[in-house]
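>>> have a look at this prediction, sequence included:
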Amino acid sequence: MSRPIGDVILDVSHISLSFGGVKALTDISFDVRKHEIRSIIGPNGAGKSSLLNCINGIYAPQQGSILFRGQEFTRRSSRQIAAMGIARTFQNLALFKGMSVIDNIMTGRNLKVRSNLFQQAVWLGPASREEVRHRRFVEEIIDFLEIQSYRKTPVGQLPYGLQKRVDLGRALAMEPQMVLLDEPMAGMSIEEKHDMSRFILDVNDEFGTTMVLIEHDMSIVMDISDRVVVLDYGKKIGDGAPAEVRSNQEVIDAYLGSSQ
Amino acid sequence: MSSTFPRLLLQQARQRPDVVAIREKRYGIWQTMNWHELSEFMSHMACGLHEAGLRRGEHVAVIGSNRIRLYGALLAIQALGAIPVPMYEDSVAAEYAFPINNAGMRFALVEDQEQVDKLLQIREQCPTLQAIYYDEPRGLRNYSEPGLASSDVLLEAGQAFLAGHPGFIEGEIEATQPGDVASMFFTSGTTGTPKGVVHTYFSLISSAQAGADFDGLTSGEEVLAYLPPAWIGQIIFSYAQWLLCGYVVSCPEAASTVDIDLKEIGPTYFFAPPRVFEARLTSILIRMEDAGWVKRTLFAACMRLARRVGPRRMNGQSVNPLERLMYGLGDLLVYGPLRNSLGFSRIRIAYTAGEAIGPDLFTFYRSIGINLKQLYGMTEAAVFVCLQPDHDVDVESVGVPVKGVELKVADNGEILVRSPGMFKEYYKEPAATAEVLGEDGWYHTSDAGYLDDAGRLHIIDRVKDVGRLSGGANDGAMFAPKYIENMLKFYPQIKEAVAYGHGRERVCVMLNIDYEAVGNWAERRGLPYTGYTDLAQKVEVYELMQDCVEKVNQQLSRDARLSGSQIHRFLVLHKELDADDGELTRTNKVRRKHIEEKYRPLVDALYGGLEQQDIETTIHFEDGRSTRIRATLSIRDARTVDPASSDANGARHV
């Protein structure tokens, strides 16, 4: 099986981020290619989430630049970044617990809604036609993620692994170019992890979505990633295909050494 | 009856082209196909398969869940006079190799990536397999294996072919005769290799027709297709009878949504094995426990009334005006909403079969107004052998033979069946066929049973397990251990039972209490106990067990054939029978022989007339440790009932 890996879609060059005197990221550079599954790994506190938050527009790095499809976006808001085609999921889930699965995923369509508030309030023709269109898209995601039997269940009642899946569903509802996954498998059972990695591979394969994931679970990352970036104390210490990274002495010392 | 399934479809499509034939839920919406569209689909698919090289008489593997395309594919294969072999979608890859090689299959029509992966995995072992067509392209985008293609390719090719060859399909369908082989079903084969049960159009349609006539099925029925299509029952209920009667079959969205889809469809004709009914009842009872006091009290009161009135009402017996009024009120408040929440609001006919169903379970559904009935059948007889008629339903029998079925009980108690629905043969297994199917058309079921005075069939046990008493008053009487054990186990207080009697004068049993049920019972009565062994030996518990045993005796006494197997003595074991100690099989069936050897002193005491017996046993724990326990067990005599004096309406506890 060979997937057509394309050109560079995201280019992170020489970014540094500090909070007061604490240096979270120091001179990080890497790129993500279209259609790729790219992972960022590293021990706790290595700066993974900070890096993701930079790409997502939540933090603005003090130095360096980030180019997405050739556009500079270091100073854009996260809403603007979402509109550019970058979606994300959250490590600690940020779903609306009291709302149903469908409604949660529907919120992901927010940026795609064209009808105005007045049209929606009185349910005029264009608004209802538009909702049907969005609902159909959401239903395709539900079918894809195999959560048909929970369609109308409030998200708060679902087990954690399923909530993670709904979170992914909401990100996909944006029809993004690229999805950022923040520890998609944290706290999951082995079986749930396997399900999740299958969904990541399927989404990547079916929709051609570029995936950037931060993950703790080494074995799964090595299995599904095309290339891996390794961080330690806010610095990049390795970058390359899983096999290369696995044999990099610095990486072994910093991270793998402790787990192997 | 001289028809084939494709002919039946064309007939429906001619007579009622715009009427809905089949639905499937997709993207949260029920998508429908009418009879005309379905016949078009069959034609295109069949022409596509013809173009791909499928020939008359060839076997084709069909693997997938209940979807419109699967049923369309069955029809298309049969339209060409080829033979679809539906297989279980959850089988592991290796299990497909035998049928494919056995029948030299060249084509496989499958649902999705999962099935494709499994077939590719065994491709090397299956040299004949040339082409695999899938319905669901997801995940298969980058597969480049030779011979792998989407079934859309078949449909497109078929459409093009049909344009140049009008009338081709009609000709092919005409050429297929009712006596030709329609389908083959592989039986799971618990011993040795699986066997292909070969059915003709005639046998499947005869059986389907007999069943449809029996229950007066119409084109207005609603059926949910949720059991595996590889099981012949599914093919009868959702294919043969569907095409015959022209009702609507609905395919659920996914296996996990069956409960939701059931409620949305509200089937009128429904089949489920006892465990499905049991699971649904349990989920209701658990939810009721969490309900408020008012609801719980109301539910309990209504269910008491339902148990008293419901079964009589269902069997068309007299119900006095007050009871009718009260039941009507109960229906408004409890039974109706309950049926609705089960998805059984519109049920006209529901069947269960496959294993013994407990009287409590069976009566529950009938008492809330669901026409649940039992049937007896098997793959070899295209399902229908015996069915229970409306208004004549009981938990002990499995009903009367349907039209066209002849029944005979052999000298050894084995039930023999002759029917137009009988299979043709086991595929390529003439010896195995001859073993069960005589020249005269009688099929040996290997089930032991008898016909009662009203002509109803009772199934007792597997023939090989049935023994005979020897010596004493009931010399030579039939002894069916599993039947007796099941009757005992239907009481919630009894977890396991082991019956002895083969080659002996009388029947004696050893019982295991259900620790949870009896423990609860003891707590409610303020009966102190220290543990399992202590509880099992309480005099009060023995009284409870004695009551159950004597009720079973009363039931047994009502039938002359079984009356001799009444239980004379019993004891309650001090430990739970356990697979870890080799007393049960891993599927929780009692190992009678092994238990007899292990508890030899107890068996001797039962038959030796002792009232007490010491026993010391070793218990093995899952972690490999073991310990010895010692106990003194009491042995009791149970009252038996003289058949002549038994009261036909006696205490039948449900």
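Structure received.
>>> and B:Glu485, how far from B:Ala356?
B:Glu485 sits 10 Å away from B:Ala356, taking CB to CB, to the nearest Å as the criterion. Heads up, the C-betas are built off the backbone N, CA and C, glycines and all.
>>> what about the closest residue to B:Glu253 other than its chain neighbours, neighbour count?
With sequence-adjacent residues excluded and distances taken as CB to CB, 6 or more residues apart in numbering or on different chains, B:Glu253 is closest to B:Lys25, at 3.9 Å. Neighbour count of B:Lys25, defined by other CB atoms under 10 Å in any protein chain shown: 19.
>>> tell me the secondary structure for B:Lys25?
Three-state call for B:Lys25 (DSSP: H, G, I helix; E, B strand; the rest coil): strand.
>>> could you verify my assumption that it touches B:Leu262?
No - in this structure B:Lys25 lies outside contact range of B:Leu262 using CB atoms under 8 Å: 11.4 Å.
>>> need the helices for the stretch 351-500 of chain B, in chain order.
B:359-367, B:430-436, B:481-489 (DSSP state H, counting those that start in this stretch).
>>> also chain A?
A:48-55, A:78-84, A:101-107, A:117-121, A:125-144, A:160-173, A:190-207, A:218-224, A:242-247, A:249-251, A:257-259 (DSSP state H).
>>> surely B:Val42 is within a strand?
To be clear, residue B:42 is Met; Val isn't right here. No - residue state for B:Met42 (three-state DSSP) corresponds to helix; a strand is not indicated.
>>> so, low pLDDT: which residues of chain B?
B:1, B:188-192, B:586-587, B:622, B:644-654 (pLDDT under 70).
>>> biggest helix in it, by residue count?
helix B:293-314.
>>> and that one, how far out from the chain middle?
Relative to the centre of its chain, helix B:293-314 is centred 28 Å away, using CA atoms, centre = their mean, to the nearest Å.
>>> got the angle for it vs helix B:359-367?
80 degrees (axes from the mean of the first three to the mean of the last three CA atoms, to 10 degrees).
>>> buried ones in the following helix or strand past helix B:293-314, by neighbour count?
Where DSSP states H and E defines the elements, the next helix or strand beyond helix B:293-314 is helix B:321-330. Within helix B:321-330, the residues scored as buried using 16 or more other CB atoms under 10 Å in any protein chain shown are B:Met326, B:Tyr327, B:Gly330.
>>> next to chain A, which bits of the stretch 301-450 of chain B? Give me the list.
Within the stretch 301-450 of chain B, no position lies close to chain A (CB under 8 Å from any CB of the partner chain).
>>> taking the stretch 301-450 of chain B, what residue is nearest to chain A?
Relative to chain A, the nearest point of the stretch 301-450 of chain B is B:Gly343 (14.0 Å; CB to the nearest CB).
>>> what number of residues lie near A:Arg246?
So A:Arg246, with other CB under 10 Å, has 16 neighbours.
>>> let me fix that: B:Tyr96
Quick note: B:Tyr96 (other CB under 10 Å) scores 26 neighbours.
>>> off-centre distance for stretch B:258-272?
On CA atoms, centre = their mean, the centre of stretch B:258-272 falls 17 Å from that of its chain.
>>> what residues go with each domain of chain A?
Using automatic domain parsing, the domain parsing of chain A gives A:1-85+A:176-260, A:94-175.
>>> need those in TSV (columns: mean pLDDT and distance to chain B).
Shown next, in TSV, are these (pLDDT from 0 to 100; distance: least, CB to the nearest CB, whole Å):
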stretch	mean pLDDT	distance to chain B
domain A:1-85+A:176-260	85	5
domain A:94-175	87	4
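>>> among those domains, which is nearest B:Arg307?
B:Arg307 sits nearest to domain A:94-175 of all these, at 32.9 Å, using CB to CB.
>>> span of the closest one from start to end?
19 Å (CA to CA, to the nearest Å).
>>> check the offset of it from the chain's centre.
18 Å.
>>> circling back to that earlier point, do you know which of the helices of the stretch 351-500 of chain B lies nearest B:Val572?
Among these, if distance is taken as CB to CB, the winner is helix B:481-489, at 11.6 Å.
>>> who are the packing partners of that closest one?
Counting contacts by 3 or more CB pairs under 8 Å, 6 or more residues apart in numbering or on different chains; DSSP states H and E, helix B:481-489 packs against strand B:457-462, strand B:494-500, strand B:507-513, helix B:539-557.
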